[in-house]
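Visitor: Okay, here's the prediction I keep looking at, along with the sequence it came from:
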Amino acid sequence: MSRWKPPQPRSSPYITPQGYRKLQDELEQLWLRRAVVTEALSAAAAEGDRSENAEYIYRKKQLREIDRRIRYLQNRLPELNVVNEVGDVSRIYFGARVTLEDEHGKEVVYRIVGGDEIDSDAGKGHVSVDSPLALAMLKKEAGDEVVLKLGDDCRVYTVNSITYSL
């Protein structure tokens, strides 16, 4: 059985100004961290036999991970489109903070952001513009119904409010 996996589809090239700054800051921090790891790698390499040197092996792995992320960010940042303004603020578009109400009256708030801005810590309430929920919400107005179909499950939400803070 093969280990080959098809490549992931590219996420939309849209990003908020805050998300773009966060990625730039991450790239700067990676370069600083890389210098520290490189120095530690040199010290570990100077200890002698590299084949059984755990510190050397660990630092090489760490350096590969840092370089992989730097390479990704250097390729991804130039192709991102920073969205600074939205024309029609009465409809749901990229960057909108949307309050939805389900059939039971429970309200949830989501912000539509780019795929590069989604992470487990700061991404609370953020939903990727490529996600099924965001695609179902796009171009809706306050008071419209959003129907989300996920397999056999179907959920209906009502759009209560739309705000923008780009």
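Guide: It's in. Numbers count the residues shown, from 1 in each chain.

Visitor: Please enumerate the strands of this protein.
Guide: Secondary structure of the chain by DSSP state E: the strands cover 14-15, 81-82, 96-101, 107-113, 126-128, 145-150, 153-164.

Visitor: which helices and strands sit right next to the second one?
Guide: Contacts defined by 3 or more Cβ pairs under 8 Å, 6 or more residues apart in numbering; DSSP states H and E place strand 81-82 against strand 14-15. Yep, even glycine has a C-beta here, placed from its N, CA and C like the rest.

Visitor: got it, and the fourth one?
Guide: With contacts defined as 3+ Cβ pairs under 8 Å, 6+ apart, the secondary structure elements packing on strand 107-113 are strand 96-101, strand 126-128, helix 132-137.

Visitor: what about it, average pLDDT?
Guide: What strand 107-113 shows for mean pLDDT is 92.

Visitor: Would you mind putting the strands of the chain into TSV with mean neighbour count and distance to Arg59 alongside?
Guide: Converted to TSV, the strands of the chain look like this (neighbours: other Cβ atoms under 10 Å; distance: least, Cβ to Cβ, whole Å):
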stretch	mean neighbour count	distance to Arg59
strand 14-15	24	32
strand 81-82	14	35
strand 96-101	20	43
strand 107-113	18	35
strand 126-128	19	34
strand 145-150	12	44
strand 153-164	15	45
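
Visitor: can I get those in CSV with distance to Ser2?
Guide: Formatted as CSV, the entries for the strands of the chain read as follows, by distance: least, Cβ to Cβ, whole Å:
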stretch, distance to Ser2
strand 14-15, 34
strand 81-82, 36
strand 96-101, 42
strand 107-113, 35
strand 126-128, 29
strand 145-150, 29
strand 153-164, 32
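
Visitor: Among the helices and strands packed on strand 107-113, single out whichever gets nearest to Gln74.
Guide: Counting by Cβ to Cβ, Gln74 lies closest to strand 126-128 out of those; the figure is 22.0 Å.

Visitor: Run through who's touching the closest one.
Guide: Contact with strand 126-128 is made by Ser11, Tyr110, Arg111, Ile112, Val113, Gly114, Gly115, Glu117, Ile118, Leu133, Ala134, as judged by Cβ atoms under 8 Å, 6 or more residues apart in numbering.

Visitor: Go through the residues you listed and name the one nearest Glu141.
Guide: Looking at the contacts of strand 126-128 and their distance to Glu141, the nearest is Ile112, at 14.7 Å (Cβ to Cβ).
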